[in-house]
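Chemist: Quick one, what's the 3D model for this:
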Amino acid sequence: GSARRLRASYPADSRSIGEVDAYGSASRGSSRCGRRDTIHPHGGPLKYLTLVPDGAADYPVVELGDRTPLQAANTPHMDRLAREGTGGMVKIIPESRHPGSDIGNLEIFGYDSRIDYTGRAPLEASSMGVELEEDDIAFRCNFVRRDGDILVDYSAGHIATEKAHELIGLLSDALGTEAVRFYPGVSYRHLLVYRGGPDSLASYPPHDIMGQSIAEHLPNGEGAAKIRGLMEEAEEVLNLSSATEGSGANAIWLWGSGRSLKLTSLRSKYGVGGGVISAVDLVRGIGRSAGLEVIEVPGVTGYLDTNYAGKADYALTALEQSDFVYVHVEAPDEAGHNGDPAAKVQAIEDFDGHVVGRILEGISGDVRILMSPDHRTPIELRTHSREPVPFVLWGSGFAADGMTEYSEAGAQKGSLQLARGHEMMARLVA
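Modeler: Predicted coordinates:
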């Protein structure tokens with residue numbers, strides 16, 4: 001759709017700016033962002049929202065009185081969705097896939113990750129507008145911090161984006177060639193594209209190996225020596241430069257490689273189109289690959305200080321022009337990786353109050369909401385796990401089915417126990 005600007009007036013406590021960057025044509029005829037042709041029997045088009053509190057599901061935590069963070073958090077709005085909606089538990093992560101946010105979000109978007117998946121980095125390339133050629137291999141390029149052989153911080157202290165861009169420029173100047181290209185992303189998350197690079201490496205997400213040996217978790221497989229060599233050279237460049245002082249970064253980690261992914265659009269697959277809101281390139285990339293517009297919201301960080309209210313406000317504005325918006329919040333997942341139960345409870349409560357509550361207050365007409373985490377990120381593990389997570393379908397056409405609260409235990413009382421994550425989207429738009 002063609003870009004245009006909408007003037008919006010938001011409550012004073014929103015950190016959103018007065019002018020909203022929206023997307024799509026105002027006309028009903030837009031093939032990607034126009035209103036859906038399907039009209040609800042009550043009159044007016046159906047609207048759809050997917051809300052994803054990344055990694056919010058967990059195990060009982062001793063510090064929280066043997067409750068999960070979802071149980072411990074004060075979440076009146078999420079509990080309302082559970083009480084009034086249809087839901088239960090869903091096994092989002094197939095046994096053949098790793099329990100990553102790439103897999104989890106692909107499934108929530110409505111794609112079968114056993115079929116529609118080539119790797120994590122190609123999705124991030126899509127988000128960044130990096131077109132991959134046939135022989136290009138994309139890699140996630142994280143800034144990390146190591147102490148000897150131990151990986152001590154997968155995010156380099158959640159390095160500031162401005163500083164990270166300076167360091168990516170440094171690496172590009174020193175190591176970039178026609179075949180090896182660095183692309184800046186957000187905070188610690190960046191991209192490397194290697195033309196003719198190795199395409200079948202096994203690699204480890206850095207957030208899975210905190211406190212563990214680097215040497216035991218380096219990329220392996222045919223051609224791995226090239227990637228290991230790049231990582232070593234990058235470390236030398238970073239440690240010889242004064243630009244890295246105080247940044248938290250002293251190394252890069254290359255992982256999640258793959259070739260370009262082509263997805264069937266959500267418009268073709270499910271009859272809906274619209275936008276995606278996330279601070280995370282991975283999620284933005286899935287949305288873009290699915291034919292959605294990436295909605296830019298000021299002040300989103302992918303962490304506890306993100307602009308929750310802005311995400312809700314921009315989602316509501318976008319929903320006036322299109323029929324589907326996917327809203328993703330990373331903060332609960334980050335708190336889980338940090339092993340911080342208090343921060344995870346705070347992230348869930350902020351999601352409840354400033355995203356779910358604000359959206360419920362602002363929606364009108366016939367709206368359906370799907371809410372689900374993409375996986376668990378247990379405090380105990382400090383990484384992802386593949387057990388089922390609670391989900392709910394709420395709004396026009398969905399009736400209460402016995403859930404009393406939105407939690408792992410509460411969802412056991414729901415009427416749906418789904419074996420595949422992508423089944424949720426099919427039910428949302430049915």
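Chemist: just so I have it, where are all the helices in this structure?
Modeler: 69-72, 76-84, 101-109, 120-127, 161-175, 224-240, 266-270, 281-289, 308-319, 331-337, 341-350, 357-362, 408-411, 423-429 (DSSP state H).
Chemist: May I see these arranged in TSV, with mean pLDDT, mean neighbour count and distance to residue 260 as well?
Modeler: For glycine as for every other residue, the C-beta is placed from the backbone atoms N, C-alpha and C. Formatted as TSV, those follow (pLDDT from 0 to 100; neighbours: other CB atoms under 10 Å; distance: least, CB to CB, whole Å):
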stretch	mean pLDDT	mean neighbour count	distance to residue 260
helix 69-72	98	26	37
helix 76-84	98	21	37
helix 101-109	97	28	14
helix 120-127	90	28	5
helix 161-175	96	17	21
helix 224-240	96	16	19
helix 266-270	98	19	19
helix 281-289	93	27	9
helix 308-319	98	25	27
helix 331-337	96	27	26
helix 341-350	98	22	33
helix 357-362	98	18	34
helix 408-411	98	21	36
helix 423-429	98	20	23
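Chemist: could those go into CSV alongside distance to residue 400?
Modeler: Formatted as CSV, the helices of the chain follow (distance: least, CB to CB, whole Å):
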stretch, distance to residue 400
helix 69-72, 19
helix 76-84, 5
helix 101-109, 22
helix 120-127, 36
helix 161-175, 43
helix 224-240, 52
helix 266-270, 25
helix 281-289, 30
helix 308-319, 24
helix 331-337, 25
helix 341-350, 22
helix 357-362, 16
helix 408-411, 13
helix 423-429, 16
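Chemist: In contact with residue 387, which residues?
Modeler: 57, 91, 376 (CB atoms under 8 Å, 6 or more residues apart in numbering).
Chemist: Using JSON lines, lay out those together with neighbour count and pLDDT.
Modeler: Formatted as JSON lines, these follow (neighbours: other CB atoms under 10 Å; pLDDT from 0 to 100):
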{"residue": "57", "neighbour count": "28", "pLDDT": "98"}
{"residue": "91", "neighbour count": "17", "pLDDT": "98"}
{"residue": "376", "neighbour count": "26", "pLDDT": "98"}
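Chemist: Mind checking which of these land in strands?
Modeler: Secondary structure from DSSP state E places none of those in strands.
Chemist: For those, give me JSON lines that also has distance to residue 131.
Modeler: Formatted as JSON lines, the contacts of residue 387 follow (distance: CB to CB, whole Å):
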{"residue": "57", "distance to residue 131": "35"}
{"residue": "91", "distance to residue 131": "34"}
{"residue": "376", "distance to residue 131": "34"}
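Chemist: quick one: which of the residues you listed is nearest to residue 175?
Modeler: Closest approach to residue 175 among the contacts of residue 387 (CB to CB): residue 376, at 37.0 Å.
Chemist: Just give the closest residue to the closest one, not the sequence neighbours.
Modeler: Distances taken as CB to CB, 6 or more residues apart in numbering place residue 57 nearest to residue 376, at 4.2 Å, with adjacent residues excluded.
Chemist: try residue 65
Modeler: residue 72 (7.1 Å).
Chemist: I'd say the one you found and residue 345 touch.
Modeler: Yes. Counting by CB atoms under 8 Å, residue 72 touches residue 345, with 5.3 Å between them.
Chemist: Find the residues that touch each one of those two.
Modeler: With CB under 8 Å, 6+ apart as the test, residue 72 and residue 345 both reach residue 64.
Chemist: List the residues that contact the residue nearest to residue 376.
Modeler: Per CB under 8 Å, 6+ apart, neighbours of residue 57: 68, 70, 373, 375-377, 387, 389-390, 408.
Chemist: wait, which of the residues you listed is closest to residue 402?
Modeler: Looking across the contacts of residue 57 and measuring by CB to CB, the closest to residue 402 is residue 390, at 13.1 Å.
Chemist: Identify the bridge partners of that closest one.
Modeler: Beta-bridge partners for residue 390, by DSSP bridges, are residue 89.
Chemist: Counting neighbours, what do you get for it?
Modeler: 27 (other CB atoms under 10 Å).
Chemist: ok, it to residue 347 distance?
Modeler: Taking CB to CB, to the nearest Å as the criterion, residue 390 is separated from residue 347 by 16 Å.
Chemist: And for residue 201?
Modeler: 33 Å.
Chemist: likewise residue 311?
Modeler: Counting by CB to CB - residue 311 and residue 347 are separated by 13 Å.
Chemist: where do the contact lists of the two overlap?
Modeler: Common contact partners of residue 311 and residue 347 (CB under 8 Å, 6+ apart): residue 329.
Chemist: Pretty sure residue 99 sits against residue 381.
Modeler: No. If you go by CB under 8 Å, residue 99 and residue 381 don't touch, sitting 10.2 Å apart.
Chemist: Neighbour count for these two, which is higher?
Modeler: When residue 99 and residue 381 are compared for neighbours, residue 99 comes out ahead with 21 against 15, by other CB under 10 Å.
Chemist: ok, now which ones touch the more buried one?
Modeler: 93, 375-376, 384-386.
Chemist: repeat that with 10 Å
Modeler: Residue 99 makes contacts with 55, 92-93, 205, 208, 374-377, 383-387, as judged by CB atoms under 10 Å, 6 or more residues apart in numbering.
Chemist: Lowest-confidence entry in those residues?
Modeler: Ranked by pLDDT, the contacts of residue 99 bottom out at residue 208 (89).
Chemist: Could you tell me how many residues sit around that one?
Modeler: 19.
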